[in-house]
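Peer 1: model this:
(one chain, ligands or ions: 2)
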Amino acid sequence: MHDPDCLFCKIIAGAIPSHRVFEDAHAYAFLDIAPFGKGHTLVVPKFHAATLFDLPPEELAGIMPALQRTATLLKNRLRCDGMAVMQLNGAIAGQTVGHVHFHLIPRYAGQPAGWAPLAGAAKAEATDFPALLRQILG
Ligand code: AMP
Ligand code: ZN
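Peer 2: Numbers count the residues shown, from 1 in each chain. Ligands and ions are numbered 1, 2, ... in the order given. You can find the predicted model right below:
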């Protein structure tokens, strides 16, 4: 299912550019434009659904291998020390884009691990997307 007015459907279709980390038949993973940590990646189903509650269970199951595979890729390539997985539903929960998505947020020992976009030098490093993609995809 595709919603022509949805930002993430447009990204999946390639109508809006993104920094792709991984893709399979069910899921598309790309770097978050305002990272909370270096390598912050969004994993989204190719099936359009606004929230977790709207996603058919088989579509949810379909994206789980991509979620794990992308997390593993980030862990191995970025050598992070841990990883947060975050998924928000509804504006009151902080959801800003109405296409269900999982955040993968790599965490590093000795570095800030907050729930907001990075600032300063950490932001500069985490938003050098071409360099990050080279590191992740080799
Ligand atoms: P949420 O608050 O859970 O709805 O997360 C939406 C996420 O989408 C935020 O972390 C944004 O930084 C991210 N985002 C919004 N537009 C884009 C875009 N064009 N490319 C990559 N990430 C985006
Ligand atoms: Zn969509």
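
Peer 1: can you pull the pLDDT of the residue located most distally from the centre of the chain?
Peer 2: The outermost residue of the chain relative to its centre, with distances by Cα atoms, centre = their mean, is residue 110 at 22.8 Å. Residue 110 carries a pLDDT score of 92 in this model.

Peer 1: try residue 91
Peer 2: On the pLDDT scale, residue 91 gets 98.

Peer 1: count of residues packed around it?
Peer 2: 9 (other Cβ atoms under 10 Å). Using the backbone N, CA and C atoms, a C-beta is placed for each residue, glycine as well.

Peer 1: just the one 5 residues further on next, same as before
Peer 2: If you count neighbours by other Cβ under 10 Å, residue 96 ends up with 7.

Peer 1: doesn't it fall inside a helix?
Peer 2: No. With DSSP: H, G, I helix; E, B strand; the rest coil as the criterion, residue 96 is located in coil rather than a helix.

Peer 1: quick one: contacts of stretch 101-120?
Peer 2: 8, 29, 32, 34-44, 63, 67, 70-71, 74-75, 78, 80-88, 122-123, 126-127 (Cβ atoms under 8 Å, 6 or more residues apart in numbering).

Peer 1: how about a cut-off of 6 Å?
Peer 2: 34-37, 39-44, 67, 71, 74, 78, 80-84, 86-87, 126 (Cβ atoms under 6 Å, 6 or more residues apart in numbering).

Peer 1: just want the most central residue of this structure.
Peer 2: residue 42 (0.9 Å).

Peer 1: which parts of this structure sit against ligand 1?
Peer 2: Within the chain, the positions lying close to ligand 1 (Cβ under 6 Å from any ligand atom) are 7, 18, 32-34, 42, 88, 94-97.
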